[in-house]
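Undergrad: Sequence below, structure please.
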Amino acid sequence: DPEALETTAGLHRFIWDLRHSGPLSTSGRQGRGPMAVPGAYTVRLQTDNHSMSADLTVLPDPRLEGDVSHQDMELQLAHNQTVGAALTRHARAVMANQKALKKLDKYDARRDQLESLRKQLVTDNTDSYPPRMLDSQLRYLAGMTARADQRPGRDAYERLEVLKAALDAIIQDLDRVLDGMIEDEPATSGQD
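TA: This is a model prediction of the structure:
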């Protein structure tokens, strides 16, 4: 997503790190996304009254020895954007879970359900050798397929499908608990 430049007098600079927008984190911030695929791009600067554009070309890494085609990099980008979308869904689920936990009394039975779902979503790093939960597994997959210009292997696609199915199931359970909480809230009369 474009970053707004200052509108004060003087020189202002925007530096594109050749990355697409990244996934949302559980802190609510957007992270770094996958690298742009080599090719032609258009840069546009727009103000209230004017618009300027210029073409630019992103060249492939000259260190690549021809083993990676443009199609391979397009497939890698598409895969990594799909992993990023899963990471964003995961972050939103974690944030919704945390928000709901703050609203519940410690004796509310739904708290146990939410804690159980949180334990499936987030790795407990207080243990010396914690089992890797969904957050760690998704981040590992994202890192594994973004480290080098390469076509993702079949195992990366298969693992992504497994992780997306697990995430879907957790989100479905979370939605059920959250829907129950909304139904329990007293209706407001609209009068102050």
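Undergrad: what about dumping the CA coordinates of stretch 63-78 to CSV?
TA: Below are the C-alpha coordinates for stretch 63-78, written out as CSV (Å, rounded to 0.1, in the frame of the first residue of the first chain):
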residue,chain,number,x,y,z
ARG,A,63,23.3,-14.1,-9.5
LEU,A,64,20.6,-16.5,-10.7
GLU,A,65,22.0,-19.0,-13.1
GLY,A,66,18.9,-19.4,-15.3
ASP,A,67,17.5,-22.1,-13.1
VAL,A,68,14.5,-20.0,-12.1
SER,A,69,12.1,-18.9,-14.8
HIS,A,70,9.8,-15.9,-14.7
GLN,A,71,6.9,-18.3,-14.3
ASP,A,72,8.6,-19.9,-11.3
MET,A,73,8.8,-16.5,-9.6
GLU,A,74,5.2,-15.7,-10.5
LEU,A,75,4.1,-19.0,-8.9
GLN,A,76,6.3,-18.2,-5.8
LEU,A,77,4.7,-14.8,-5.5
ALA,A,78,1.2,-16.2,-5.8
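Undergrad: Buried residues of that stretch, list them for me.
TA: For stretch 63-78, burial by neighbour count (16 or more other C-beta atoms under 10 Å) applies to 68, 73, 75, 76, 77. C-betas here are computed from N, CA, C, even on glycine.
Undergrad: Then stretch 77-94?
TA: In stretch 77-94, counting by 16+ other C-beta under 10 Å, buried: 77, 79-84, 86-91, 93-94.
Undergrad: where do the helices sit along this structure?
TA: 70-103, 109-121, 134-146, 154-184 (DSSP state H).
Undergrad: quick one: the longest one to helix 154-184, angle?
TA: Right, the one you point to is helix 70-103. 30 degrees (axes from the mean of the first three to the mean of the last three C-alpha atoms, to 10 degrees).
Undergrad: The second one too?
TA: Compare the direction of helix 109-121 with that of helix 154-184 by the same axes, to 10 degrees and you get 170 degrees.
Undergrad: now what about helix 109-121, what contacts it?
TA: Contact with helix 109-121 is made by 90, 93-94, 97-98, 100-101, 104-105, 133-135, 166, 170, 173-174, 177, 180-181, as judged by C-beta atoms under 8 Å, 6 or more residues apart in numbering.
Undergrad: Please report the distance of residue 24 from residue 83.
TA: 13 Å (C-beta to C-beta, to the nearest Å).
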